[in-house]
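In: Here is my input; please provide its structure:
(one chain, ligands or ions: 2)
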Amino acid sequence: MGKLRPLLPYFRPYRGRITLGILAIVIAALFGLVTPQIIGRAIDDLKDQISSDALLRYGLLLVGVTLVQGVFSFAQRMILVTTSRRIEEDLRDDFHGHLQRLHLGWFQSTPTGDLMARATNDLQAVRMIAGPAIMYGTNTIVVATGALIFMFHIHVGLTLVALCSLPLVAVVTKIFGERIHVLFEAVQGQFSDLSAKVQENLAGVRVVRAYVQEEPERRAFAQLNHGYVERNRDLIKWNAAFRPLIQATIGLGFATVLGFGGKLILDGAITVGEFVTFQLFLGKLVWPMVAIGWVINLAQRAAASMGRIQQVFDATPEIVDGPEVRPEIDHLDGAISFRDLEFRYPGAERPALSGVDLRIAAGETLAIVGRTGSGKSTLLSLVPRLLEPAAGQLFVDDIEIHRVPLATLRHSMAVVPQETFLFSTTLRENIAFGVEGATDEAIGQAASLAGLDSDLSAFPSGLDTVVGERGITLSGGQKQRVALARALLRDPQILILDDCLSAVDAQTEETILRNLRLVFPGRTVLLASHRIAAARLCDRVAVLDDGAIEALGTHDQLVARGGIYADLHHRQQLEEQLAAV
Ligand code: ATP
Ligand code: MG
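Out: Numbers count the residues shown, from 1 in each chain. Ligands and ions are numbered 1, 2, ... in the order given. You can find the predicted model right below:
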């Protein structure tokens, strides 16, 4: 239960409302305790002589009491359930806010589906403790105490007899509740497997069709689907057994009370009216007994869920401004230097980069060329600190990178990652992402520089075309160019382009490269590419091989020198000549 402690601060702002809600529960419960007594008294009163006056009086009294009880029941729900939703809202906002601050590496080691489950199911379970658990818990305490006091007042022996079966109700609820919960989790788990399968199948529809895997896919789905029904069957079995069992336990209690109570009436120890009142109170005790078991289960679930949510809150954002940061730095000129830099991915055996010594002057453009897996993307990710460089190995404007405020660092640069990501909104909003108040003119110009003009005129609504989930309605090359336009619009001091034209045909690439040449002056540009055409645009070229710099120089120098770059150059020349034939 200690796991629920982190939830306390979330209750604090709503203390007043919660107190009010609890007050409403108490009033409703107290009024509920009055009805059995009115009925009992009416029976005793009307037993000998029935007058319409008395009937009316008791009738009105009952209606009045029930009305007040109803109003306060309504109020209690309105107040407490709304409050629990508010608490859920605050918690969810904090959860999402915290996710926004965590670094990239954390997400790579945490499955998205798992995070979604914590943000939905677990939050829901925690909410239950805030609303329903408080509501039923308080109600149980007030009703049970009140009813027992009145029952003892009527007849102590009879109350003790009645009490024998009640704890059984709580025990049965607790046992069944636990079992039902476990089975319910299994059903939920199977359902998320099923959804994941469908989601993957739909997302990968091209691959499935191309590899003629419809039938195996259908079989795999059918198996999961059947498993879902099987899991549900177990759940139904326990659910179905639960009610009759509770009713039987309760029935047993009522039967003993009926036998013993009947004898007490015959002996004249209690009146018929008192007996009826007693039975009604007994009836009122049943729900609180069921509720005790239920509330305990709710609390256990909430504690487990809060534990899972807390694990995420406990993850500390690793890439943040440290104590060494110099807040006065609010501008960068764009010089970048790597000094004997080594980088190793967590858990990797070999470093992805080692001994990288590289000095890029402000305003210089540098191409990074190398075989696939040679470390180009890794190198580029270090500059905006998407990956964390070790201390003393990376400098911007000759300042150790950790001293530069993250916000300044990232605002000074625009990154076009190798894997483009578009949001499911319009092209305009995708391009203007992160730039507030961008004018149509600026957006159009960025799109134009990224070579999107002819595509835009072909789209039905131009810049207002919605691109679908992750930009599904665009071609690979179009997506890359939208991502490029997004970076260009930011007008950054440092431009980082990670193989951002790999899906564009040679001719379009040439157009864009020509445009980029207009954009490059005055900025530091790091451009990773497999293509010589892009590399030769840059002032210098660094050739990466197996995480180390193999050669550094101008295009002409490297071609003259021989080695990886010259090989690549000759091969691509040959390809061009062949294509031209
Ligand atoms: P490409 O031309 O295919 O884009 P690249 O030069 O950009 O390749 P990197 O992505 O930098 O290569 O990868 C360099 C090395 O680091 C590779 O051996 C790769 O397997 C490894 N690597 C990349 N990302 C991770 C990661 N998140 N965790 C562990 N290792 C990684
Ligand atoms: Mg790469």
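In: Would you map the strands across the protein?
Out: All strands of the chain, identified by DSSP state E, fall at 336-343, 353-360, 365-370, 394-396, 399-400, 413-416, 494-498, 524-529, 540-545, 548-553.
In: Run through who's touching the fifth one.
Out: So the one you mean is strand 399-400. 324, 326, 329, 391, 392, 394 (Cβ atoms under 8 Å, 6 or more residues apart in numbering). Where you see a C-beta, it was placed from the backbone N, CA and C, and this is true even at glycine.
In: re earlier: would CSV of the strands of the chain with distance to ligand 1 be doable?
Out: Below are the strands of the chain laid out as CSV (distance: least, Cβ to the nearest ligand atom, whole Å):
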stretch, distance to ligand 1
strand 336-343, 9
strand 353-360, 8
strand 365-370, 6
strand 394-396, 15
strand 399-400, 23
strand 413-416, 13
strand 494-498, 7
strand 524-529, 6
strand 540-545, 7
strand 548-553, 12
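In: Counting neighbours, what do you get for the residue nearest to residue 241 when sequence neighbours are not counted?
Out: Spatial nearest neighbour of residue 241, chain neighbours left out: residue 176 (7.6 Å); criterion: Cβ to Cβ, 6 or more residues apart in numbering. When neighbours are defined as other Cβ atoms under 10 Å, residue 176 has 20 of them.
In: Please apply the same query to residue 542.
Out: Neighbours of residue 542 under the rule other Cβ under 10 Å: 26.
In: One more: the one 4 residues further on?
Out: Residues near residue 546, counting by other Cβ under 10 Å, number 14.
In: Let me see the contact set for it.
Out: By Cβ under 8 Å, 6+ apart, residue 546 lies in contact with 374, 375.
In: before we move on, what about residue 166?
Out: By Cβ under 8 Å, 6+ apart, the residues touching residue 166 are 253, 285, 286, 289.
In: Which pLDDT value does the model give it?
Out: pLDDT for residue 166: 76.
In: likewise residue 454?
Out: With respect to pLDDT, residue 454 has a value of 86.
In: and the gap between it and ligand 1?
Out: Going from residue 454 to ligand 1 by Cβ to the nearest ligand atom, to the nearest Å gives 28 Å.
In: and the gap between that residue and ligand 2?
Out: 28 Å (Cβ to the ion, to the nearest Å).
In: ditto for residue 218
Out: Residue 218 sits 36 Å away from ligand 2, going by Cβ to the ion.
In: and the helix or strand of the chain with the lowest mean pLDDT, which residues are buried?
Out: When each helix and strand of the chain is scored by mean pLDDT, DSSP states H and E, helix 112-117 comes last, with a mean of 77. Neighbour-count burial for helix 112-117 flags residue 117 (criterion: 16 or more other Cβ atoms under 10 Å).
In: start the count at 23, not 1, going forward
Out: New numbering, starting at 23: the last item is helix 134-139.
In: Output it as PDB, nothing but the C-alphas.
Out: Provided in PDB are the C-alpha atoms of helix 134-139 (Å, rounded to 0.1, in the frame of the first residue of the first chain):
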ATOM      1  CA  THR A 134       5.700   2.000 -26.800                       C
ATOM      2  CA  GLY A 135       2.900  -0.500 -26.200                       C
ATOM      3  CA  ASP A 136       4.000  -0.800 -22.600                       C
ATOM      4  CA  LEU A 137       4.000   3.000 -22.100                       C
ATOM      5  CA  MET A 138       0.500   3.200 -23.700                       C
ATOM      6  CA  ALA A 139      -0.700   0.600 -21.200                       C
END
